[in-house]
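Visitor: coords below, sequence missing:
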């Protein structure tokens, strides 16, 4: 049974012991990412995520790596537009060590100047790898097309000039201003002892001062186009629409699942199976606190990319008018089974709890999650589809020029 | 407790019921892949894997997709150089349906001519996506550098000309010649009823004639270089050495783990942490029936790629002479924990059983797997490293020219 505790400073601790597990997953989730960066500081959230691994007051970078890997564990981190997550997988006895290491990283990093300059080179290499991966890069281009100059449009990695200008002071200020207890969640699942985790959480984070971080500027999906002219074998495309915030109902997600979530979906059947227009073709939604996105991604032969894009648009427009109850039932079955399977693993449970706390401030039970899915019928999904299609559009492309039919 | 059964025609069934699971994983693994393709038929194994999804005598492509997704399951497949795998994830009640579908795919595919021509377009798009993903493509280039003109060097996807020439007859002959019971394994784990799976396996595959497939030409790691001049932001590199067959001991794998398997490894510390030369840097091994590969992959700034490659080589050469017991202990802990965590999920168990049967003809217990790892000490790992480094070298690059110091 999952338990949620709030420390007196506001930091949330979620723990879900799983009887059958031999291992554990534990993470610290800071609900702050690139969209909260000050203007001109693009890439700061991600740079800080890297820099804390470069050494703390008591451990060098090598000692951090050795401490977790000596016990066969893994410790990783990622940064998104609205979150920075530090997460470990360990065998059962080592979950406390993992939390101690994470606390050391985010509370006592050295932020050494020489290390900072070296880590910028690593991040420039990471940026180069992203620019070499059009199926990855197209997401950044879509956000730029959708959100224009707003902070939410900013790529998580930043740009070469913005990365090079970041300073030690920027990193230190980011940590002290943004890693505030009211937006920090420790989430642990698997073979864990709740009393031990809670005691450790209190010891490691209980003294963090209970100030709040400033909130984000509201984002508005504006729409537009963004063509990246770099050469590629295929034309990589994304077509996006204004979606709903993460806390809203599940109708947009089920619409996306039905039109492009699996191999029985309309987009897969129409574009890939019927016409051989694309290998990768899928629809997805993403929710933020204030807005959301519904999008279709595909990669197609250069000579057929415009045809593919127009057919994808026609297919989702059609689905918004006549998506059937049978199609919606299938989408629901896929989402429900996906939730149940994800919750079988420690990592899946720990992530789901963190996500639920971020959006709703509490841990949703499996039954609540399933009930949310079951509450959506075909009519609600069609309405969600129509509402999203009626709004502005964002189109991003890499490796080709194209035109959307009027 | 995992059970292995051989049907009278030689097909192997491995079943591992997991008490805590709510879902199941089931797969059919054919131990045949692109390396067994006749000359001039590059991409055939993979095309067949695609074509069986395009319709059977009793189901169209859409009906196949709907059947599994109606119950929230997933059914996918992949092809490698020595394996073709069809695998499903379902909730517990639907595992039998999944096996029925897989049997229908591989035993009664229609192989329709019009569908074949359309599916070639899908695969050409897949090939284009692969060419657009240098971190993926570099693996193909490394195999070409290592194995020259031999079948093992052939890319799984084939090439545009080879794909376009494949026929319905090629596909039919491939299925009847290669999908023989002595190289087929059904592997199921999770919430499964062994008696039900076994009965189904017998009913669906028991009548398959007990003939054997022809065996592969032995592959020899020759070494060489392969430079792909396509443009890229980073130079993507792979440096490979002759490794051991999959059935051999674990010393090469532990050497690879210690030199480049985690963030405490020598390559990560030397190239990334100490010098900021690369974001991605890792070592790996892969074993086949007759040969193996030990390799280091990295992506680096164009101006520093030669430096990165030479330092990577010097780092592994150094490790082959002085890798310490502490480093080897850490590598062992990582591999052991990785095995234990993988075996917590239905998919991880089903895959591990199939792999064990492919290599050893039986299911290894967790204890046996762990004992294999524990049998390797630092001296054995160093010797494995020295032996691999003494052999020929394969170097592949994309997006840059480079030179290896003498």
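Guide: Great, that's in hand. Model, not experiment: these values are computed from the prediction. Residues are numbered from 1 along each chain as shown, chains lettered A, B, ... in the order given.

Visitor: Would you state the strands of chain A in chain order?
Guide: For chain A, applying DSSP state E gives strands covering A:3-6, A:12-17, A:23-30, A:74-79, A:84-91, A:184-190, A:224-228, A:234-243, A:278-287, A:292-301, A:393-398.

Visitor: For the stretch 101-250 of chain A, which residue gets nearest to chain B?
Guide: residue A:121 (3.4 Å; Cβ to the nearest Cβ). Any C-beta I mention is one placed from the backbone N, CA and C, and that applies to glycine too.

Visitor: Identify the residues contacting that residue.
Guide: B:276, B:277, B:301 (Cβ atoms under 8 Å, 6 or more residues apart in numbering or on different chains).

Visitor: which bits of the stretch 1-150 of chain A sit near chain B?
Guide: A:18-23, A:53-54, A:61-62, A:65-66, A:69-75, A:89-91, A:117-129, A:131-135 (Cβ under 8 Å from any Cβ of the partner chain).

Visitor: Now do the residue of the stretch 251-400 of chain A found nearest chain B: how many residues are near it, please.
Guide: Nearest residue of the stretch 251-400 of chain A to chain B (Cβ to the nearest Cβ) works out as residue A:337 at 2.9 Å. The number of residues packed near residue A:337 is 21, by other Cβ atoms under 10 Å in any protein chain shown.

Visitor: Can you give me the pLDDT of it?
Guide: With respect to pLDDT, residue A:337 scores 97.

Visitor: okay but it is in contact with residue B:70, surely?
Guide: No - taking contacts as Cβ atoms under 8 Å, residue A:337 lies outside contact range of residue B:70: 10.6 Å.

Visitor: that older thread, which of the residues of the stretch 1-150 of chain A next to chain B fall within helices?
Guide: A:61-62, A:65-66, A:69, A:117-129, A:131, A:134-135 (DSSP state H).

Visitor: Quick one, which of those are buried?
Guide: A:61, A:65-66, A:69, A:118-129, A:131, A:134-135 (16 or more other Cβ atoms under 10 Å in any protein chain shown).

Visitor: re the thing from before, which of the contacts of residue A:121 has the largest number of neighbours?
Guide: Using other Cβ under 10 Å as the neighbour criterion, residue B:277 leads the contacts of residue A:121 with 25 neighbours.

Visitor: Now residue A:58: phi and psi?
Guide: Dihedral pair for residue A:58: phi -110, psi -10, per degrees, to the nearest 10.

Visitor: That one is in contact with residue A:108, isn't it?
Guide: Yes - using Cβ under 8 Å, residue A:58 makes contact with residue A:108 at a distance of 6.9 Å.

Visitor: which of the two has more neighbours?
Guide: Using other Cβ under 10 Å, the more surrounded residue of residue A:58 and residue A:108 is residue A:108, with 13 against 10.

Visitor: roughly how far apart are the residue nearest the centre of chain A and residue A:38?
Guide: Nearest residue to the geometric centre of chain A (Cα atoms, centre = their mean): residue A:80, 5.4 Å. Distance, residue A:80 to residue A:38, by Cβ to Cβ, to the nearest Å: 18 Å.

Visitor: try residue A:104
Guide: Applying Cβ to Cβ, the value for residue A:104 to residue A:38 is 27 Å.

Visitor: and what of residue A:63?
Guide: Look at residue A:63 and residue A:38: by Cβ to Cβ, they are 32 Å apart.

Visitor: Same question for residue A:260.
Guide: Going from residue A:260 to residue A:38 by Cβ to Cβ gives 36 Å.

Visitor: Have a look at these two and say which one is more surrounded.
Guide: Taking neighbours as other Cβ under 10 Å, residue A:260 and residue A:38 compare with residue A:260 leading, 26 against 12.

Visitor: The more buried one touches residue A:268, doesn't it?
Guide: Yes - taking contacts as Cβ under 8 Å, residue A:260 lies within contact range of residue A:268: 6.8 Å.

Visitor: what is in contact with those two at once?
Guide: By Cβ under 8 Å, 6+ apart, the residues touching both residue A:260 and residue A:268 are A:281, A:282.

Visitor: Could you count how many residues lie near the nearest residue to residue A:353 once chain neighbours are set aside?
Guide: With sequence-adjacent residues excluded and distances taken as Cβ to Cβ, 6 or more residues apart in numbering or on different chains, residue A:353 is closest to residue A:14, at 4.2 Å. Neighbourhood size, residue A:14 [other Cβ under 10 Å]: 25.

Visitor: Next, find the distance separating residue A:14 from residue A:185.
Guide: Distance from residue A:14 to residue A:185, by Cβ to Cβ: 6 Å.

Visitor: Now do the shared contacts for those two.
Guide: A:353, A:354, A:357.

Visitor: Now for the closest residue to residue A:38 other than its chain neighbours: which residues touch it?
Guide: Nearest residue to residue A:38, sequence neighbours excluded (Cβ to Cβ, 6+ apart): residue A:44, at 7.6 Å. Going by Cβ under 8 Å, 6+ apart, residue A:44 touches A:34, A:37, A:38, A:158, A:166, A:170, A:171, A:174.
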